[in-house]
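Asker: Fold the following and give me the result.
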Amino acid sequence: MTEAAAPTSPFGFRDVDAREKVRLVRGVFDSVASSYDRMNDLMSGGVHRLWKDATAARLNPRPGETILDVAGGTGDLARRYARLARGAQRRNGGPDASVIVLDYNAEMIRAGIDRGAEPEMSWVVGDAMALPLPDASVDAYSIGFGIRNVADIDQALREARRVLKPGGRFLCLEFSRPTAAAMRAAYDAWSFHAIPRIGGWVAGDAESYVYLVESIRRFPDQTTFAGMIHDAGFGRVGHTNLSGGVAALHHGWAI
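Answerer: Residues are numbered from 1 along each chain as shown. This next block holds a predicted model:
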């Protein structure tokens, strides 16, 4: 009787043992944590800030809500959620919101804490595929530029559905497929040639940015990923293309 093959997961353009991917991705983000925010600005020309503003506006944080930001890294999205919730609280009253930043990589969490935090924020080192939270315990779940790095995307989506309360909101901001052929060609040229060079100059690590670019290319397109979200148990699934599909904001409801 032959032994069943171990499950694999994409790591850039390679397929590796799913357990090995966890270790490899941790190494990538250990390497880039200290320069992560600066590199985001350089790689996107600052446009990532507008994408995150759009995500926070769509989430529409409310006073008293518990919001979980998975793969939250240095807290960019979580800070936006906290400020929006506090603004709504000043206008309408209500209890403080709670914004939990969860990331698998302790170095990323440390870099975020060093940047300072809003009073609503808390920080947790944890796994998107095995969230350390009870069933139906959060009002909203987001993951920004992190779902493609998990070893089992379907399992991460099931975990998102598990921890959301009935009627809870799901948002995923991720790089995607530009909708126009000319833009795809220009984006590929920029990604494969410029981004690793910038990573080498700024972060001293071109190889990690080669992985990040390759991981974007391996990620499912908008329609395929929307189907995966639906299959995980979400309803009213849709997406909004950002910057012509360079990124996409996927959304669904726990119903």
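
Asker: Residue 96: what's its closest spatial neighbour, skipping adjacent residues?
Answerer: Closest residue to residue 96 apart from its sequence neighbours, by CB to CB, 6 or more residues apart in numbering: residue 120 at 5.9 Å. (C-beta placed from N, C-alpha, C; glycine too.)

Asker: ok now do the one you found, which residues does it touch?
Answerer: 81, 82, 85, 86, 96, 97, 98, 99 (CB atoms under 8 Å, 6 or more residues apart in numbering).

Asker: ok, then the element right after whichever strand or helix holds the third one?
Answerer: For residue 85, the host element (DSSP states H and E) is helix 76-92. Heading C-terminal from helix 76-92, the first helix or strand you meet, by DSSP H and E, is strand 98-103.

Asker: Using neighbour counts, pick out the buried residues of whichever helix or strand comes after that following strand.
Answerer: For strand 98-103, the following helix or strand on the C-terminal side (DSSP H and E) is helix 106-115. Using 16 or more other CB atoms under 10 Å as the test for burial, helix 106-115 gives 107, 108, 109, 111, 112.

Asker: cool, stretch 138-154 as well?
Answerer: Neighbour-count burial for stretch 138-154, counted by 16+ other CB under 10 Å, picks out 138-153.

Asker: I'd like to know which of these are part of helices.
Answerer: With DSSP state H as the criterion, helices contain residue 153 from among the buried residues of stretch 138-154.

Asker: what is the orientation angle of the lengthiest strand in the chain with helix 76-92?
Answerer: For the chain, the strand that runs over the most residues, judged by DSSP state E, is strand 164-175. Angle between the axes of strand 164-175 and helix 76-92 is 130 degrees (criterion: axes from the mean of the first three to the mean of the last three CA atoms, to 10 degrees).

Asker: mind listing what strand 164-175 pairs with, with the direction of each?
Answerer: The pairing partners recorded for strand 164-175 under DSSP bridges are strand 138-144 (parallel), strand 247-253 (antiparallel).

Asker: What mean pLDDT does it get?
Answerer: Strand 164-175 shows a mean pLDDT of 97.

Asker: Run through the residues that contact the most centrally placed residue in the chain.
Answerer: Centrality entry for the chain: nearest residue to the mean C-alpha point is residue 144, 2.4 Å, by CA atoms, centre = their mean. The contact partners of residue 144, by CB under 8 Å, 6+ apart, come to 52, 55, 69, 71, 72, 73, 76, 77, 172, 173, 174.

Asker: Tell me how many other residues crowd the residue nearest to residue 48 when sequence neighbours are not counted.
Answerer: Closest residue in space to residue 48, ignoring its immediate chain neighbours: residue 40 at 5.0 Å, by CB to CB, 6+ apart. By other CB atoms under 10 Å, 18 other residues sit near residue 40.

Asker: Need the max-distance pair from the buried residues of stretch 138-154.
Answerer: Distances among the buried residues of stretch 138-154 were taken as CB to CB; the most separated pair is 139 and 151, at 27.0 Å.

Asker: Now, of the contacts of residue 120, which are buried?
Answerer: Buried among these by 16+ other CB under 10 Å: 81, 82, 85, 86, 97, 98, 99.

Asker: Columns distance to residue 243 and pLDDT on top of those residues, output as a markdown table?
Answerer: Converted to a markdown table, the buried ones among the contacts of residue 120 look like this (distance: CB to CB, whole Å; pLDDT from 0 to 100):
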| residue | distance to residue 243 | pLDDT |
| --- | --- | --- |
| 81 | 22 | 98 |
| 82 | 25 | 98 |
| 85 | 27 | 98 |
| 86 | 29 | 98 |
| 97 | 29 | 98 |
| 98 | 31 | 98 |
| 99 | 26 | 98 |
